[in-house]
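Sequence and predicted model, in that order:
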Amino acid sequence: MTESAVVSAVERLRRPALAAGGVGIVLCVLGAFVDTRQFFHSYLFACVFWAGVALGSMAVLMLRYITGGAWGVPIRRPLESATRTLPVVALFFVPLLFGLKTLYEWARPEDVARDPILQHKSLYLNVPFFVSRGILYLAAWLLLAYFLNRWSAEQDRSPSPELNRRLQLLSSGGLVAYGLTITFWSIDWILSLEPHWYSTMYGVLLIAGQSLSGLAFVTVVTVLLARYEPLASFFSPEQRHDLGKLIFAFVMFWAYVAFSQYLIIWAGNLPEEIPWYLKRLQGGWGWFGLALIVLHFALPFLVLLPADADRNPRILAGIAVLIVLMRAVDLYWLIQPAFSPGHFVVHWLDFAAVIGLGGIWLAVFLWQLVQRPLLPLNDPEFPEALAHAEH
């Protein structure tokens, strides 16, 4: 089973991705001089989105090691490649450190001095502690990604039940660490844009969204790679069905968490909670909310509900692409109304930032994708996955 066709196809995609990323970065640099405030707003959205794809892929990878099953064999390499982009994601966030005062009112001493609530939260929301926490989160993610990939490479060279056991134990603790770090990370980078508001479900909402982003992204990649050997004769309808139902489950989980948060705040009707939703339902932002209901939940739910729908690679890939796009819409809806409440606005820097960072991220991902064989032949679940393909 040769992978030369895959390498050629990946190279054909990597060059345009890198070129698009370069153009986007240049536009972002120009935009930073023209409108510094808008640059940081747009750049934050792009960073959070692409970080979510990488981190969500790591979460799905660890989930796969814990649960086992043939469903994870065809997507294991794309998931691992996405985790190896985390050092680049870390570099993406460096420019934001120069814009903390622009983005967050708790980082501006003059605002804190006249706001009792910000003073009360200043023990947690202050720049030195914020940066220290960010370094801690990043170290935990990089450490997890390092050992997940290192032990996977060792398994390629010499199959051993001990290595699989290590990966399972690492993933068990890693998912706990992921849940904790993402919860606090989402509070730090997104929720604290509006520090007067709070939600105990916010971290779970981001965890559900990131996992869905990662799973949908690698599903698209795997369907595209299945045009070539070795995946062409390996990626069976049963495995597509498994991925489709897993996407279906994550869509349901995301919708449940999002609706639960809304229902609790609507039922409480407290003046310190409802303004967050009012900002996102007025001035044109409500159309984003409607789009999320229809395109992020209802359409994927109805399309993936029939038993045989996700066995069709075009339907599965199409829904996965839609979900990745709607994850960007969801994050935009979470972030941007904090800067323009009650007034819908889309700036050209929003597109430049997400394309610039996305092009660089995709180029690194594609480069990593061809560094290892596409099929993990020594995976304990490989014989079962192969039996599905032969059947």
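Cool, got the structure. Residues are numbered from 1 along each chain as shown.

Now do the phi/psi pair for the residue of the chain positioned farthest from its centre.
Using C-alpha atoms, centre = their mean, the residue of the chain lying farthest from its centre is residue 114. It sits 36.5 Å away. Note on residue 114: backbone dihedrals following degrees, to the nearest 10 are phi -110, psi 10.

before we move on, what about residue 73?
phi -70, psi -50.

Give me the pLDDT value at it.
Per-residue confidence (pLDDT) for residue 73: 90.

how about it, what does it touch?
239, 375-376, 379, 381-382, 385 (C-beta atoms under 8 Å, 6 or more residues apart in numbering). All C-beta atoms are positioned from the backbone trio N, CA, C, and that covers glycine.

do the same with residue 338
Contacts of residue 338 by C-beta under 8 Å, 6+ apart are 193-194, 279.

Could you do residue 355 as well?
Contacts of residue 355 (C-beta under 8 Å, 6+ apart): 20-21, 23-24.

Repeat that for residue 125.
Contacts of residue 125 by C-beta under 8 Å, 6+ apart are 104, 106-107, 118, 192, 195.

Buried residues in stretch 167-181, which are they?
Neighbour counts over stretch 167-181 (16 or more other C-beta atoms under 10 Å) mark 167, 170-171, 174-175, 177-178, 181 as buried.

Can I get stretch 165-172 as CSV, trimmed to CA atoms?
Once non-C-alpha atoms are left out, stretch 165-172 reads as follows in CSV (Å, rounded to 0.1, in the frame of the first residue of the first chain):
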residue,chain,number,x,y,z
ARG,A,165,-1.8,0.8,28.5
ARG,A,166,0.3,4.0,28.9
LEU,A,167,-1.7,5.8,26.3
GLN,A,168,-5.0,4.8,28.1
LEU,A,169,-3.7,6.0,31.5
LEU,A,170,-2.4,9.2,30.0
SER,A,171,-5.6,9.9,28.3
SER,A,172,-7.7,9.2,31.4
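
low-scoring pLDDT stretches of the stretch 1-150 of the chain, where are they?
By pLDDT under 70, the low-scoring segments of the stretch 1-150 of the chain are 1-3.

which residue ranges form the strands in it?
Using DSSP state E, counting those that start in this stretch, no strands are assigned anywhere in the stretch 1-150 of the chain.

For the closest residue to residue 272 other than its chain neighbours, grab the count of nearby residues.
Excluding the flanking residues, the one nearest residue 272 by C-beta to C-beta, 6 or more residues apart in numbering is residue 196, at 6.6 Å. Look at residue 196: counted by other C-beta atoms under 10 Å, it has 13 neighbours.

In three-state terms, label residue 196 for me.
coil (DSSP: H, G, I helix; E, B strand; the rest coil).

Need the pLDDT of it.
93.

Relative to residue 274, how far out is it?
Distance, residue 196 to residue 274, by C-beta to C-beta, to the nearest Å: 12 Å.

coming back round to it: can you check the contacts of residue 125 and name whichever has the most neighbours?
residue 106 (24 neighbours).

Residue 311 touches residue 237, doesn't it?
Yes. Using C-beta atoms under 8 Å, residue 311 is in contact with residue 237, at 4.1 Å.

got the residue ranges for the helices in the stretch 251-391 of the chain?
274-279, 286-291, 299-304, 313-335, 348-369, 382-390 (DSSP state H, counting those that start in this stretch).

Buried residues of the longest one, list them for me.
Buried residues in helix 313-335, counting neighbours by 16+ other C-beta under 10 Å, are found at 313, 315-317, 319-320, 322-324, 326-335.

and what of stretch 269-281?
So for stretch 269-281, counting by 16+ other C-beta under 10 Å, buried means 273, 276-277, 279-281.

now swap in stretch 241-250 and tell me
Applying 16+ other C-beta under 10 Å to stretch 241-250 flags 241-244, 246-248, 250 as buried.

Can I get it as PDB, trimmed to CA atoms?
Listed in PDB are the C-alpha atoms of stretch 241-250, where the atom choice follows Å, rounded to 0.1, in the frame of the first residue of the first chain:
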ATOM      1  CA  HIS A 241     -21.300   5.500   9.900                       C
ATOM      2  CA  ASP A 242     -19.500   5.400  13.300                       C
ATOM      3  CA  LEU A 243     -18.000   8.800  12.700                       C
ATOM      4  CA  GLY A 244     -21.300  10.200  11.600                       C
ATOM      5  CA  LYS A 245     -23.100   9.000  14.700                       C
ATOM      6  CA  LEU A 246     -20.300  10.400  16.900                       C
ATOM      7  CA  ILE A 247     -20.700  13.800  15.200                       C
ATOM      8  CA  PHE A 248     -24.400  13.400  15.800                       C
ATOM      9  CA  ALA A 249     -23.900  12.800  19.500                       C
ATOM     10  CA  PHE A 250     -21.500  15.800  19.900                       C
END
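
Mean confidence (pLDDT) on that stretch, please.
According to the model, stretch 241-250 has a mean pLDDT of 94.

what do you get for stretch 378-390?
78.

can you list the residues that contact that stretch?
With C-beta under 8 Å, 6+ apart, stretch 378-390 has contacts from 68-70, 72-74, 76, 155-156, 158-159, 161, 164, 233-236, 238-239, 375-376.

what's the spacing between stretch 366-376 and its chain's center?
Relative to the centre of its chain, stretch 366-376 is centred 20 Å away, using C-alpha atoms, centre = their mean, to the nearest Å.

which parts of that stretch are buried?
Going by neighbour count (16+ other C-beta under 10 Å), the buried part of stretch 366-376 is 366-370, 372, 374-376.

now the residues you listed as TSV including distance to residue 295?
Shown next, in TSV, are these (distance: C-beta to C-beta, whole Å):
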residue	distance to residue 295
366	27
367	31
368	30
369	28
370	33
372	35
374	31
375	33
376	34
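
wait, which of those is closest to residue 135?
residue 368 (23.6 Å; C-beta to C-beta).

Tabulate the contacts of residue 125 in TSV, adding columns for distance to residue 223.
Output for these, formatted as TSV (distance: C-beta to C-beta, whole Å):
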residue	distance to residue 223
104	40
106	44
107	43
118	48
192	38
195	42
